[in-house]
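**Q** here is a sequence with its predicted model. Questions after.
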Amino acid sequence: MLFRSIGIFVLQPTVTIAQAGERTAKENSDEDQAKQEALSALTLMHGNQISKLYREKISTLQKSVGLTSEAKAVATFGSIAQATPGAPQERKLLFSQRTERLPLLFDDVKAEFYSFVFLATYPAGTFQEEVYMIKEKTEWKVAAINLRSTF
């Protein structure tokens, strides 16, 4: 199942429901770690701690191709942080997937990626938060974050 929308994508799941019971403890641990780092990055972003987000959570990959400076990170995430300040009233995980490639974002890079899609409610509205994580050495770092208003 492949979903498309303007400007973003959701990848086809690599683990079917029948295969879910066959996951190893390492796979479960990796997903849990990646998810916790994704949530930590969202907390920093919505808390307007963008400099800390950039220094501690943004991947080397993203720093080399997009957010090449802290100033670019502030410019990119600043308006999001102002529109959705603080913790959400509610956040639930809609989708998670492990993959070796992120088409459209880093198609030429083969690595360990996790994609997470959350539905979060803020005073300003309900948003779909998409966080793409990459494993660099032994740590999960943010490859990309996208926030879209839902209708």
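**A** Looks like it arrived, so ask away. All values reported here derive from a predicted model rather than from experimental measurement. Residues are numbered from 1 along each chain as shown.

**Q** give me the local confidence score for residue 27.
**A** In this model, residue 27 is scored at 79, pLDDT.

**Q** repeat that for residue 12.
**A** pLDDT for residue 12: 34.

**Q** ok, now which ones touch the most centrally placed residue in the chain?
**A** In the chain, the centroid-proximal residue (C-alpha atoms, centre = their mean) is residue 131; its distance is 1.0 Å. By C-beta atoms under 8 Å, 6 or more residues apart in numbering, the contact list for residue 131 reads 38, 41, 42, 115, 116, 118, 142, 144, 145. From N, CA and C alone the C-beta is placed, and that goes for glycine too.

**Q** what's the spacing between residue 116 and residue 92?
**A** Distance, residue 116 to residue 92, using C-beta to C-beta, to the nearest Å: 11 Å.

**Q** neighbour count: the two, which is higher?
**A** Counted by other C-beta atoms under 10 Å, residue 116 and residue 92 do not tie: residue 116 has more neighbours, with 21 against 9.

**Q** identify the bridge partners of residue 98.
**A** Beta-bridge pairing for residue 98 (DSSP bridges): residue 114.

**Q** on that earlier part again, mind checking which of the contacts of residue 131 are buried?
**A** For the contacts of residue 131, a burial check counting by 16 or more other C-beta atoms under 10 Å picks out 38, 41, 42, 115, 116, 118, 142, 144, 145.

**Q** just these now: which is nearest residue 84?
**A** Closest approach between the buried ones among the contacts of residue 131 and residue 84, by C-beta to C-beta: residue 42, at 9.5 Å.

**Q** a helix runs through the closest one, doesn't it?
**A** Yes: under DSSP: H, G, I helix; E, B strand; the rest coil, residue 42 sits within a helix.

**Q** quick one, what contacts it?
**A** Residue 42 makes contact with 118, 120, 129, 131, 145 under the criterion C-beta under 8 Å, 6+ apart.

**Q** coming back round to it: from the buried ones among the contacts of residue 131, pick the one nearest residue 106.
**A** Nearest to residue 106 out of the buried ones among the contacts of residue 131 is residue 144 (C-beta to C-beta; 8.3 Å).
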